[in-house]
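Asks: Sharing a sequence plus its predicted fold:
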Amino acid sequence: MRNINEHTITQAVLQGLAGCEDTRLKQVMSALVRHLHAFAREVKLTEAEWEAGIRFLTATGQKCDDKRQEFILLSDALGLSTLTVAQNHPVSAQATEATVFGPFYVAGAPQLPQGADISGGAAGEPLHVRATVRGPGGEPVAHALVNVWQADADGLYDVQRAGLGQPQGRATLRTDEEGRLSFRSVLPVPYPIPTDGPVGMMLKALKRHPWRPAHVHFMIEAPGYQTLITHVFRNGDAYLDSDAVFGVRSSLIGDFRSHPAGSRAPDGSTPDQPFHTLDFDFVLEPAQA
C-alpha cells in the first residue's frame, strides 16, 4: 500500500477489510468507507472542515451521560433515527406505527398500578389516559409491560431537573386481563430539544427551529409480539408539521379532550379544576420468526 493518492485510497482501505470474517461487519464497514469517501469527494472536504467535524463529534460524545444521549439527539435531528425505525419496523395496516426513541428514556422506572398518578408532582394540567393494547386480530394483550415517559408543563423531563428526588412523568404499568391501561399524568406541551450542546449549535447554524410537538412516549412489550416504541401526539399542536426530529405520524395524533371543572373524570371523580382526557388504542405486531 505505497504511494496512495486520492484516487486509490478507497480501494486500498476496502482491500484492508478483506480478512474480516464477520460477513455483516464487513458489509457495513465496506459501505461506510465507500460512502464516507464519496461524501468527502463530493463536497471537496477541506482539512479545516474535517477538523471541525472531529471537534463536533468529540463534543457530542462529551455531552453524553447517564441522563442524556447527545448522539441519539444528533441521529434524531438528522432524520437517521426515523429512517432506521421505518426500515426495521414495517407494519400491517392495522398495527400502530413506531417512531423515534428519543434521548430521555431511563430504564428502571417505578412500576405503578392501574389508575395511578405517574406525574410524581410534575407541573401541568391534569390528564387522564385510557388505552387498550391488542394484537392484529383484536385479541387483548394481557399483562403487557408499558413504559410511559413525558415532559412537564415547562417542557422538561425529570432527568433535566437537577436534584429532583423522585421520577416525574415516568412509570411502568401492566395492562389488565382485557388489555386495558389507565393512568393519570399531566398534559404534554411542545418543547425545544436541548440546544446547549453540539446539536443545538448545528440547528442554529442551519436556521432550523428545535421544537417538538407535545407528546407522550410509550414502549410496550409483551411475549409473542414485537416491542412497540412510539409516541402519542397532541392534536392541534403547532409543530406537528415541523417536528425537529421528524417523528410525527398522522396515525399517532391523539384526541386530547378538554373538560371543564366539575365534569366527571374517567376515574369517577369530579375535579374542581379543568382536566383533559386521552383515549388511544395500540395494536401490536406479532413477533417475527
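Replies: Received, thanks.

Asks: hey, let's count contacts and neighbours off CA atoms from now on
Replies: Fine.

Asks: contacting residues for residue 256?
Replies: Counting by C-alpha atoms under 8 Å, 6 or more residues apart in numbering, residue 256 makes contact with 234-235, 276-279.

Asks: What's the ChimeraX syntax to select whichever of those residues are buried?
Replies: Selecting only the buried entries of the contacts of residue 256 in ChimeraX, with 16 or more other C-alpha atoms under 10 Å as the criterion:
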select :234,235,276,277,278
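
Asks: So which of the contacts of residue 256 sit within helices?
Replies: For the contacts of residue 256, membership in helices holds for none, with DSSP state H as the criterion.

Asks: mind listing which of the contacts of residue 256 are in strands?
Replies: For the contacts of residue 256, the ones inside strands are 234, 276-279, with DSSP state E as the criterion.

Asks: Closest to residue 127 out of the residues you listed?
Replies: Distances from these to residue 127 were compared by C-alpha to C-alpha; the smallest belongs to residue 276, at 4.7 Å.

Asks: Tell me the helices and strands packed up against the helix or strand of the chain with the lowest mean pLDDT.
Replies: Of all regular secondary-structure elements in the chain, judged by mean pLDDT, DSSP states H and E, the least confident is helix 80-88 with a mean of 92. Counting contacts by 3 or more C-alpha pairs under 8 Å, 6 or more residues apart in numbering; DSSP states H and E, helix 80-88 packs against helix 70-77.

Asks: and the helix it packs on, how far out from the chain's middle?
Replies: On the basis of C-alpha atoms, centre = their mean, to the nearest Å, helix 70-77 is displaced by 10 Å from the centre of the chain it belongs to.

Asks: which outside residues touch it?
Replies: Helix 70-77 is touched from outside by 60-61, 63-64, 81-82, 100, 102-103, 197, 199, 244-246, with contacts defined as C-alpha under 8 Å, 6+ apart.

Asks: Just the angle for it relative to helix 80-88, thanks.
Replies: Computed with axes from the mean of the first three to the mean of the last three C-alpha atoms, to 10 degrees, the direction of helix 70-77 lies at 70 degrees from that of helix 80-88.
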